[in-house]
Each structure stands twice: as C-alpha cells, then as structure tokens.
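J.: Take this sequence and fold it.
(chains A and B)
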There are 2 protein chains.
Amino acid sequence: MAIGIVSYSHTNFGVLKEDIPELVKGVVEGAISKVDKGIDPKEIDLIVTSCVDNQFSNQHQTGTLAWRYLKNPDAKGFKVEAACASGSLALFVAKEMVRAGFIKNAMIVGFEKMSNIPTDKVTSILIRGGSPEERMIGITQPAAYGFMAKLYMEKYGATEDDYALVAVKNHDNAMRNPWAQFHKKITIEDVKGSKMIASPIRLLHCSPITDGAAAIILSGEPKRYTDTPVYIKSMAVAHDTLGVFERADPTFLSASKKAADEAYMKAGLKPSQIQFAEVHDAFAPAEIQLYDALGFSGKGEGYRLIRDNATAFSGSRPVNVSGGLKAKGHPIGATGVGMMIETFLQLRGEAGERQLPSPEIGLIENHGGTGAVAAVTILGR
Amino acid sequence: MAIGIVSYSHTNFGVLKEDIPELVKGVVEGAISKVDKGIDPKEIDLIVTSCVDNQFSNQHQTGTLAWRYLKNPDAKGFKVEAACASGSLALFVAKEMVRAGFIKNAMIVGFEKMSNIPTDKVTSILIRGGSPEERMIGITQPAAYGFMAKLYMEKYGATEDDYALVAVKNHDNAMRNPWAQFHKKITIEDVKGSKMIASPIRLLHCSPITDGAAAIILSGEPKRYTDTPVYIKSMAVAHDTLGVFERADPTFLSASKKAADEAYMKAGLKPSQIQFAEVHDAFAPAEIQLYDALGFSGKGEGYRLIRDNATAFSGSRPVNVSGGLKAKGHPIGATGVGMMIETFLQLRGEAGERQLPSPEIGLIENHGGTGAVAAVTILGR
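T.: Numbers count the residues shown, from 1 in each chain, chains lettered A, B, ... in the order given. All right, here's what the predicted structure looks like:
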C-alpha cells in the first residue's frame, strides 16, 4: 500500500502568544482546510498527538484535546511519546494503522508550549530525556551531548570551527524560512564567543526553547485527496542504551544508523541517493555525528562535509534547509512533524525561497534523548 | 485473527519501595518468564508502555526504558498516553499492530510511581486529566466527579448509602486479592463518616495514590505460547467532551456507553451475556454511573444493582472482584493493564481466593479524566 501525506499545517516556531488549545485547534483545522481536493473530517478515523512533558502541556489526554477540534465524533485519539522523537513515533503508529487497513486516514498533531516555563526549569524537565542513572547524578542533555562531541573531536580530529559551522549553516538556512524562530545570521566567531554550556558545547550550538505546532494528514488512498501526495517510501525505528555512558562507542549514534540502514533497505535506496535531509541537530555537533550514522560520510569523517559546504543550501546534499532544530526551533513534540512538513514541501516544490531544485527523495532523522530512540523516514514523490 | 493474552506479570499495588526501573524490569522479565510454553524475547517485536505524568516517571522515553529490559535489540518501544485509560489505549495500539500482521507478539507495560510526590501535589498533577478550561478555574477530578454524583442523586434518587455501598463492596473484594493496596473491611458508616472531599464524595469514595506495575504479552498466535490463552473478543475506544460541564447530560458517561455498544456489536454479545466486569471506579459513585453506561442496568437505575448485591462477589454479575481502583489501588498507567490481568486470571481459573465459578466472558471498562476517553474490552476463553 502506498501511504502518503496529503496535507499539513504549521505554525510559526518561536515564543508564541497562543495557548495549547489555540495552537492545536489551529493546526487541526488548518490541515483539514489545506487538502487539495477537500476532506470531510468524518473521513479521518484516527488522531495521534505528539508532545513531551505534562508540565508543558498540563494535559493527560491530548488525544481527546485534538479530537475535539477534528469534528469527527467517531475518531479515536491518543498520544504517543518517545522524547524528542515523539513526532516520528506518532507518525510510525499512525502509518502502521493505516497500512493495516483499519484506518483510512489519520492526522498526526505535534505541539509544545515551552516558553511559559522558566529556562532553568526547562533544563530540569528535559533531563528526563536521558537515562534514570544519568539524571540522578545531574547529567543534563547538553552535558551528555558535550561529552559525545568532545570524544568525537579527540577521536577523529573534528574542531570547534566544524561544530560552529553547523550552527552558522543552519542559521543561514533559517533566513529563508518564514516559520523559523531565528532570522539572524551568525558567524563562527559569534558561536565561539558565545557562553560555554558544557564544553565544547556553547550557547549558539544549542537548539532554543520553542513553542509551536504542526499537523499532517496521512492517507491510505492519497490520490483521492491530492494529485501531488508525498509518499512514505520507508520508515524505521531503533533503540540504543538510554545512557551515553553505557555505550561501547559514545561518538557513534548507533540507533540512528540502525534505523537508517533498515529504512534504506526497505526503500531499496543507498545513502548516496538521498538528495536532502532534515536531521536532529538539537545540539550542533550531533549533526556531524549524524552524517556518519546516516552514511552520508565514512565513520569519523562527517566534519569534512561541513568544511566542504557539501550540506549547505547550495551543496551537493543539503541538510536542514529548514534551519534545523538549531535555528528553526525545537518545540519538542512538534519537531518531528515539522521535519516531515519541510520534506513534504520540498518534494512538492512548495518550499518558497528555500526551495531546492526539484528533489525527488528526502530523509528525516529524528531522535530522542541522546539517541536512545531514533526514527528514520524516507519520503518521495 | 484470534489475538490472545498469553502471559502477565503484576506487582503488589500500594506504597512500594522499588523505583521505576526496578518495577519495569520486574514485570518485563516476569511476563517473559511466565509464558507456559516459553518465549524467546526476540519473538517480542513491540513494547508499548503506559504511564501518565512525567512528574511521576521522570522519563520521556519509557518505551526505551522497557526495551532495555526486554533483551531484544530489534524491538520497537514507545509510550501511549490517554490519562487513566492509558493502559487500555496501549493495548489497543499493540493489538491493532498485531492484527495487522507486522508484529507477531507485543508486550504492554503499565506502571506508575506516585507515592514519591506529596499528596497535595498529586491532586494538582491529576487535574491535568480534565479539560483545560476546568483546570484553569481549579476544578479538580474529585470536584468534577462530585458534581456528576450529586446530579445523579438529584435526577434518579441514588443515595449516599448507595455510593457508600460501592466502596464497601470493593473493599470487601480486595480482602481476597493479595495484590490489593487495602486489606481492610469498611462499613457504610465508615464511608459516611470519612472526610468530605467534594460533596457527595468523601475520602472513602476515592481511589488512593498508588505505586505499581503490570505487564501482559499479546500474541497473534496465542496457542503457540500457551494452551489456555485468553482472547480479545473485541475492543473499542470512544471520546466525549473533555469537560464535564460541556455535556448535555453530565450524569451519563456517554463515551463509555459508545465504546461498550461498539464492543458488544463487534463481539456479537449483549450486555446480559457479560458474566463479570472490571470497571473504572476512580471515585465510587462512577461505578454506579457505569452500570448504566454499560447496559448492566437501565439508565438511572444502576444504584439498584448495588442495593440488591447484584454486583457483589457472590452476586449475579460481580463487578470489580479485584477490589477495583478504590481498594486494589490506582497506579494510573498500570490500572488498565491490571484490569486485563484480573480478567485473564478469572477466565483461566487462576484467581485464587477470589476465583469466580468458571466464567467465560468478562468485560473491562477503563476511562480517562471524567470519561472523555473510554475503552471497553471484552475478553473470553
């Protein structure tokens, strides 16, 4: 069965004035209204939400919250959670149910409202993305990513400039994305002069605290709803140890590699055939680790791609043309859904100023915590 | 496809000394070890967790947490959340994936660790089960249930004694359940003399704050793993308004009725054919409302069943022989899974002192918030 994305809705990412019910209502109704050939809400049987912490959402049944705006009393709704990969896992569940044939069309609604919570408290909430053992001794997400980034430098010769270049590139890309949280070019010097958070990670390597929402509609009969659906060529999910310190090689994101390998195999594609990608740069050095894991570079060679501008907007394989989590923003539950939408728009030729020249195949890598859960999705026209 | 439950594991419910990793490890390994004909963890492709608030779990990827104890590197894990109905929704998702044939066997792991949080804070966490609008004006779960119970009394003539009898019955049942939080008989006078919480709801009408975990293994080929599986005859999920105050008839749990009607229809059964049931008595008066919603009584006549002892252990259709949420306990994410296990054991004739005489069909009603999401499952031999 060819399952396709037939519609979407996407708020600005940033510090938003809307509360969660308004954000959710907006994207649920927006996705319905954007279906090219129209859709009756009664044709949408399932609504899967993605959001991460109940201290952000203040809600235990976001599935019902989204359901109330769908206007199909017979639809079923629930939330799927898998840390920062929640958006992809929600898509995975919805896609499997559509593939099974029990559900004709499903909506995935990702959202997060993080700006209401003081910044220091956000870090103590996001530490829940890691392992219980690391949390108990206070290893935050930036600390764990910093540890990985430092080891990667020592092992392979990546430099602070390489890591800074990822942030520079993604801020540059975000200039072309009206939804992005930051519209501000930065330089290598800006990054290297920014506040040290967890060496070698500095403030300008970190994705920001973001509000936002995004929704997509998935269909088992996509041509019924649009002449230009974007198909899910393949999707895979894999896991690694919850803790970074339990890993044989903490420089390597092995769940992302495992998911990518399975996705390539299922789609019958090689890494070289991926024309562009959205990847999980919650901290800029991770983007370089992901070039390795996704097979875009040899192991330990990812930093060469950023040095050579290979992943820049005008490079041979652009990565994070949206601006990435770094500069587009990272409203956790919405992030994965937003990555799908970026890829959808690029493949449809509807990405405006940041449109790539007619790509046919794009990849999304979305992971949770320090890579303990990873989802890789390949979309195509 | 006949999908069956082939194994289970269940901790005591109560105030437990174990932390979440220990609880989860215990039930994951326990369910594997209890498969009659044995199972290789590598045969379990999916692990779906159910737990409710990240302030209880301190974890954003409980799917990966459970995965690490499963010992199948290729399994996929994620969490499903739908307030107090999370356990049933997790089963719903796993069951649909098994039915689709992509997953051969799945484990559902429900847990909650609530006793670490001060009681007053628990109430402010559980208010997230209701609507955003009711939460904003401070309508807690007991307040909303109290409102429903009061209206039901005024409309139909139920009395405080009827509501007290539900708690008395469920405490009596819990005496026979070694896993139950309370092993203490209570009287109508005890209930009516207990602290007023939200009129007419008193302390002894309320389910307690509970720690606990429970797991089941679901199989698409149940006979391969046991000669005595328990089959999912049918399962249905429905929704109602998030807020009680938005409902045309706040005395009626219409999502529970809708789910029950669909479950009866799919199973080809009438309410009169249900021999016993586990229902969501988070607050005792709700059990009477549920007799109405499930068709065990005419609308507004549920209180007669409790007066007549029809739902007592020795009655014509026992309800909550486990002790119910009221006396067995209510570790939110584990509750629905625990209800499945109670029904599984009764149908297998393994319920020990509380065994009913050879039942063949049992029903589980598990709802979230004030009934805005409801799941009804019918299990049979």
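
J.: list the buried ones in stretch A:99-115?
T.: Neighbour counts over stretch A:99-115 (16 or more other CB atoms under 10 Å in any protein chain shown) mark A:99-100, A:103, A:105-115 as buried. Using the backbone N, CA and C atoms, a C-beta is placed for each residue, glycine as well.

J.: oh, I was asking about stretch A:130-140
T.: A:130-132, A:134-135, A:139-140.

J.: Quick one: mean pLDDT for that stretch?
T.: Stretch A:130-140 carries an average pLDDT of 94.

J.: before we move on, what about stretch A:166-182?
T.: 98.

J.: Could you export that stretch as CSV, CA atoms only?
T.: Extracted in CSV, the C-alpha atoms of stretch A:166-182 (Å, rounded to 0.1, in the frame of the first residue of the first chain):
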residue,chain,number,x,y,z
VAL,A,166,26.9,23.7,11.6
ALA,A,167,25.2,26.4,13.6
VAL,A,168,26.3,29.1,11.1
LYS,A,169,24.8,27.0,8.2
ASN,A,170,21.6,26.3,10.0
HIS,A,171,21.1,30.0,10.9
ASP,A,172,21.8,30.9,7.3
ASN,A,173,19.2,28.4,6.2
ALA,A,174,16.6,29.7,8.6
MET,A,175,16.9,33.2,7.0
ARG,A,176,14.8,31.6,4.1
ASN,A,177,12.2,30.0,6.4
PRO,A,178,9.4,32.3,7.5
TRP,A,179,8.4,29.8,10.2
ALA,A,180,11.8,29.8,11.9
GLN,A,181,12.4,31.1,15.4
PHE,A,182,15.6,32.9,14.4
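
J.: Filter the buried residues of stretch A:99-115 down to just the ones in strands.
T.: A:105-113 (DSSP state E).

J.: Format those residues as CSV; extra columns: distance to chain B and pLDDT.
T.: Shown next, in CSV, are these (distance: CB to the nearest CB, whole Å; pLDDT from 0 to 100):
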residue, distance to chain B, pLDDT
A:N105, 15, 98
A:A106, 12, 98
A:M107, 14, 98
A:I108, 13, 98
A:V109, 14, 98
A:G110, 14, 98
A:F111, 13, 98
A:E112, 12, 98
A:K113, 11, 98
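
J.: Export those residues as TSV, with columns for distance to B:I364.
T.: Listed next are those as TSV, based on distance: CB to CB, whole Å:
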residue	distance to B:I364
A:N105	29
A:A106	25
A:M107	28
A:I108	28
A:V109	28
A:G110	30
A:F111	31
A:E112	33
A:K113	34
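
J.: pretty sure A:V166 is in a helix, no?
T.: Yes - under DSSP: H, G, I helix; E, B strand; the rest coil, A:V166 sits within a helix.

J.: who's in contact with it?
T.: A:205, A:281, A:284-285, A:287-288, A:306, A:326 (CB atoms under 8 Å, 6 or more residues apart in numbering or on different chains).

J.: any idea how far chain B is from it?
T.: Separation of A:V166 from chain B (CB to the nearest CB, to the nearest Å): 24 Å.

J.: same check, this time on A:N320
T.: For A:N320, the distance to chain B - CB to the nearest CB - is 23 Å.

J.: Tell me, how many residues neighbour that residue?
T.: Residues lying near A:N320 (other CB atoms under 10 Å in any protein chain shown) number 28.

J.: Ok, the one 5 residues further on next?
T.: Applying other CB under 10 Å, we find 32 other residues in the vicinity of A:L325.

J.: On the pLDDT front, check it for me.
T.: 98.

J.: re earlier: so which of the buried residues of stretch A:130-140 is the closest to chain B?
T.: Taking CB to the nearest CB as the measure, chain B lies nearest A:P132 of the buried residues of stretch A:130-140, at 5.4 Å.

J.: Could you look up the SS state of the residue nearest in space to the middle of chain A?
T.: Nearest to the geometric centre of chain A sits A:G336, at 3.3 Å (CA atoms, centre = their mean). Secondary structure, three-state DSSP: A:G336 is helix.

J.: How far off centre is the lowest-mean-pLDDT helix or strand in chain A?
T.: Least confident helix or strand, chain A: helix A:119-126 with a mean of 91, by mean pLDDT, DSSP states H and E. Distance of helix A:119-126 from its chain centroid, counting by CA atoms, centre = their mean, to the nearest Å, is 20 Å.

J.: Could you list the buried residues of that helix?
T.: A:122, A:125-126.

J.: Quick check: the residue of the stretch 201-350 of chain A nearest chain B.
T.: Closest point on the stretch 201-350 of chain A to chain B, by CB to the nearest CB, is A:V237, at 4.6 Å.

J.: from memory that residue sits against B:A75, does it?
T.: No - with contact defined as CB atoms under 8 Å, A:V237 does not count as touching B:A75 (9.6 Å).

J.: Tell me which of these two has more neighbours.
T.: Higher neighbour count among A:V237 and B:A75: A:V237, with 27 against 24, using other CB under 10 Å.

J.: before we move on, the earlier item: which of the buried residues of helix A:119-126 come close to chain B?
T.: Contacts with chain B are made by A:125-126 out of these, judged by CB under 8 Å from any CB of the partner chain.

J.: In JSON lines: the buried residues of stretch A:130-140, plus secondary structure.
T.: As requested, the buried residues of stretch A:130-140 are exported to JSON lines (three-state DSSP):
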{"residue": "A:G130", "secondary structure": "coil"}
{"residue": "A:S131", "secondary structure": "coil"}
{"residue": "A:P132", "secondary structure": "helix"}
{"residue": "A:E134", "secondary structure": "helix"}
{"residue": "A:R135", "secondary structure": "helix"}
{"residue": "A:I139", "secondary structure": "coil"}
{"residue": "A:T140", "secondary structure": "coil"}
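
J.: tell me which of those residues is nearest to A:S50?
T.: Ranked by distance to A:S50 (CB to CB), the buried residues of stretch A:130-140 are led by A:G130 at 19.2 Å.
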